[in-house]
Structure formats: C-alpha cells, structure tokens
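A.B. asks: my questions concern the predicted model and sequence given below.
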Amino acid sequence: MADPFKVVLVNPYELGRQPFALAEPAAWLKREGFAVRCLDLSLEKLEPEPLAAANVVALYVGMHTATRIAIEALPRIRQLAPEAHLCVYGLYAPMNEALLRAQGVGTVLGGEV
C-alpha cells in the first residue's frame, strides 16, 4: 500500500479560538484517506518534523493579522518543505493573491468571494 498523501494545515493566528478553518478541512481530508497534520502557530513553532514530508502545506488567512504572519512564515515553510505545494485559503487570500504568489504560493482559494 502506498504512503498516504501528506497535508499540513497551518493556522497563523486565530485570537485564541479553536481554528475551525483547520478542523473542518482536516476532517474531510482524513475521511478520504489523507495523512493530515494541523499546526497552530499561536501555540507552536514551525519545526522540521511535520513539514519535511508534506506534499501540500495550506495556510488559513481569515484576517489581516493572520495574513501578515503567514507571509512572514512562508520563507521558513519553503525551507522546511521545499517539495511541498503551497496553498493559502480564506477571506484574505484572494485580495493578497499577487503578494502570496510572489512568495511561492501555488494555489490561492477564497470561497467567500
């Protein structure tokens, strides 16, 4: 059996709330057989272990502060997961698309538009 596709979902900032925008897609992906790891940057640092083998790293940007933190984290994420496809999703993703793509983000999603 092949190794499952590895996805890391990153929450840069959420005002102390549980990051539902990670929990929901994590549940969907796990149900379909993906290996999912969630990182909450308000509680933990970017470490090599969860990112090194990631196929996709997706960051949720639901507010301006989260977007700022995500942009600051992207160089480190690219360093730790050089082969991973980068995705940014949430309310602030489409309005910052040019900036995010300049940081190496391949997919920008904003279902709220």
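C.D. replies: Received, thanks.

A.B. asks: buried ones in the helix or strand harbouring Glu72?
C.D. replies: Element membership of Glu72 [criterion: DSSP states H and E] is helix 64-80. In terms of neighbour count (16 or more other Cβ atoms under 10 Å), helix 64-80 has its buried residues at 66-67, 69-71, 73-74, 77-78, 80. Using the backbone N, CA and C atoms, a C-beta is placed for each residue, glycine as well.

A.B. asks: now Met95: how far from Pro12?
C.D. replies: Using Cβ to Cβ, to the nearest Å, we find Met95 at a distance of 16 Å from Pro12.

A.B. asks: so after the helix holding Glu72, what's the next helix or strand?
C.D. replies: strand 85-89.

A.B. asks: quick check: angle from that next one to helix 64-80?
C.D. replies: Taking axes from the mean of the first three to the mean of the last three Cα atoms, to 10 degrees, strand 85-89 and helix 64-80 form an angle of 170 degrees between their directions.

A.B. asks: give me the contacts around strand 85-89.
C.D. replies: Outside of strand 85-89, the residues within contact range by Cβ atoms under 8 Å, 6 or more residues apart in numbering are 21, 55-61, 70, 74, 77-78, 96, 100, 103-111.

A.B. asks: which among the residues you listed end up buried?
C.D. replies: When the contacts of strand 85-89 are checked for burial by 16+ other Cβ under 10 Å, the buried set is 21, 55-61, 70, 74, 77-78, 96, 100, 103, 105, 108, 110.

A.B. asks: in helices, which of these appear?
C.D. replies: For the buried ones among the contacts of strand 85-89, the ones inside helices are 21, 70, 74, 77-78, 100, with DSSP state H as the criterion.
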